[in-house]
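A.B. asks: Predicted model, plus sequence, below.
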Amino acid sequence: MTQVQHGGSPGSPHRSRAGRGGDQSMVPEADFDSYYGRSIVKPAPWEHDIAVYLFSGGVAAGSSILAAGADLTGRPALRRVARLGSLVSLLVSVGALVHDLGKPSRFLNMLRVVKPTSPMSVGTWILSLHGPFAGVAAAA
């Protein structure tokens with residue numbers, strides 16, 4: 001086996017192995033199965049409704065910020081559209097969440113406890129607190 005030295009000429013016997021077809025891995029490929037043959041990472045337990053809920057909630061927040069900026073810079077048409085966009089996005093978000101939960105009473109049930117580690121719990125509280133203000137702003 002040849003030694004690897006830096007600075008050797010291309011014809012010298014001390015060339016690196018990369019010149020003869022590339023590096024070869026000495027480590028076998030990793031196997032990512034668990035001991036019981038199941039995948040290590042579980043698939044997400046939610047459906048597309050939760051993606052719609054999270055996305056439209058973000059659109060509602062962005063629209064509210066845009067409306068505040070439009071109010072500060074004196075753009076009434078943009079302010080009106082952004083406030084209405086925020087309200088519509090919140091309604092879509094609430095509808096997607098209620099559809100995923102199965103019935104509206106479960107939405108109210110989620111307001112009993114705040115779980116900071118749960119995106120659904122935090123989102124429910126944000127929707128509940130932001131919704132009335134967005135409705136009043138859109139009506140103004």
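C.D. replies: That came through fine.
A.B. asks: packing partners for whatever helix or strand L91 lives in?
C.D. replies: Using DSSP states H and E, L91 maps to helix 76-101. With contacts defined as 3 or more Cβ pairs under 8 Å, 6 or more residues apart in numbering; DSSP states H and E, helix 76-101 has these neighbours: helix 48-72, helix 104-109, helix 119-139. Quick note: C-beta positions are derived from backbone N, CA and C, even for glycine.
A.B. asks: okay, and for the protein, where does confidence drop off?
C.D. replies: Within the chain, the segments meeting pLDDT under 70 span 1-22, 31-33.
A.B. asks: Wait, A96 touches E47, no?
C.D. replies: No: at 9.8 Å, A96 does not count as touching E47 under the criterion of Cβ atoms under 8 Å.
A.B. asks: list the contacts for A134?
C.D. replies: 60, 64, 83, 86-87, 90 (Cβ atoms under 8 Å, 6 or more residues apart in numbering).
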